[in-house]
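Participant: how does the following fold in three dimensions:
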Amino acid sequence: MHKASVAAAVGAVALFASGSAWAGKDLDSIKARGNLICGVPTGIAGFASADSQGKWTGLDVDVCRAVSAAIFGDSEKVKYVPLTSQQRFTALQSGEVDILSNNTTATLQRDTALGLDFTAITYYDGQGFLVPKKLGVKSAKELNGATVCVAPGTTTELNLADYFRANKMTFKPVVIEKVEEIRAAFFSGRCDVYTTDSSGLYATRAANVPAPATADDYVVLPEIISKEPLAPAVRHGDQQFADIVRWTQYAMLEAEEYGISSKTVDDMLKSDNPTIKRILGVTPGMGKALGVEDKWVYNIVKQVGNYGESFERNVGMGSVLKIDRGLNKLWTQGGLQYAEPIR
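Facilitator: A predicted model of the protein is given here:
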């Protein structure tokens, strides 16, 4: 590269690193307001649900908590807005929420036609089918003529039609918007099958089966009929805010990869490993490049945990769902979760 080009590149980096020179209106309004408004599902065990005191927990919730920790140094500066699958995109486009962390699949049409930016994949999922064990069905290929409960305005609805058409089967859809009403219809026998992302099916089976039935009375069929990369979404137009959301996920993954957890993070501040020193802000610069404090990753891990901690607590073996990590293992363990390096 010529000297003039190098000088121009260095100048550009300095301009971007100054933060205020490229801060967009979304990040500015979030900072001025003093909290992050996060659009979450209306209630999916392990991903986003509120207890009787109104406290939200789940993997999707932890995304918003981590972004809040990165921006404010405080993971609790979040207002949660529960949104159905049909409400969520309009709520983001209109500015009702700052970010969707809503079990939302990143697709080409959503990325381009809706004016959204999807950030890093927080959960690799795939669509499946839940059936009562008494139905005697062992495979989705045996569902010809079935009545299927499905949410409207979703990739789930489109995948369902594609799958049955491709396998020369027919089905009768029962289309219901609110997830709690879909579950009620399924458990009451109004439909033979409930289809959504497999994570949602395991959540439903673990947390929503009405007594006297139990989780053992329902089966998730073995077929996975789609790719469902779930990611937070923000509006086009504020690249700095999109970068903070994206790098928040990468930070949680990098922390896990380097053994930095909520329990070890304070000791790790003393590490001689240059990568760990960069991640935790002991060596300054990474926070400034993103427009946040150099302690941004420390705050995320100390208050929310690394990706593995969040996964296990909410949906993994430490939760009622007990979902195997599968594709969501780190790349070093045979999974797909691979963070771009913080350097």
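Participant: need the strands for this protein, in chain order.
Facilitator: Taking DSSP state E to define them, one finds strands in the chain at 36-40, 49-50, 56-57, 78-82, 99-100, 116-118, 123-125, 127-132, 146-150, 171-175, 193-197, 218-220, 228-230, 233-235.
Participant: which elements pack onto the third one?
Facilitator: Translated: strand 56-57. Contacts defined by 3 or more Cβ pairs under 8 Å, 6 or more residues apart in numbering; DSSP states H and E place strand 56-57 against strand 49-50. Just so you know, the C-beta spots here come from the backbone N, C-alpha and C atoms, and that holds for glycine as well.
Participant: tell me the strands beside the strand it packs on, with direction?
Facilitator: Partners of strand 49-50 in the sheet, by DSSP bridges, are strand 56-57 (antiparallel).
Participant: now the strand it pairs with: average pLDDT?
Facilitator: The average pLDDT within strand 56-57 is 98.
Participant: also stretch 260-271?
Facilitator: Stretch 260-271 comes out at a mean pLDDT of 98.
Participant: go on, stretch 31-48?
Facilitator: On average, stretch 31-48 scores 96.
Participant: please point out which parts of that stretch sit buried.
Facilitator: Residues of stretch 31-48 classed as buried: 35-48 (neighbour count, 16 or more other Cβ atoms under 10 Å).
Participant: before we move on, back to that, of all the strands of the chain, which lies closest to residue 263?
Facilitator: Of all these, it is strand 56-57 that lies closest to residue 263, at 19.1 Å by Cβ to Cβ.
Participant: what lies in contact with the closest one?
Facilitator: Identification of contacts with strand 56-57 by Cβ atoms under 8 Å, 6 or more residues apart in numbering yields 40, 48-51, 80, 314.
Participant: got a markdown table for the residues you listed, with distance to residue 134 too?
Facilitator: Shown next, in a markdown table, are those (distance: Cβ to Cβ, whole Å):
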| residue | distance to residue 134 |
| --- | --- |
| 40 | 34 |
| 48 | 31 |
| 49 | 28 |
| 50 | 32 |
| 51 | 32 |
| 80 | 37 |
| 314 | 30 |
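Participant: got the angle between the longest helix along the chain and strand 36-40?
Facilitator: Secondary structure of the chain per DSSP state H: the longest helix is helix 239-257. Here helix 239-257 runs at an angle of 70 degrees relative to strand 36-40 (axes from the mean of the first three to the mean of the last three Cα atoms, to 10 degrees).
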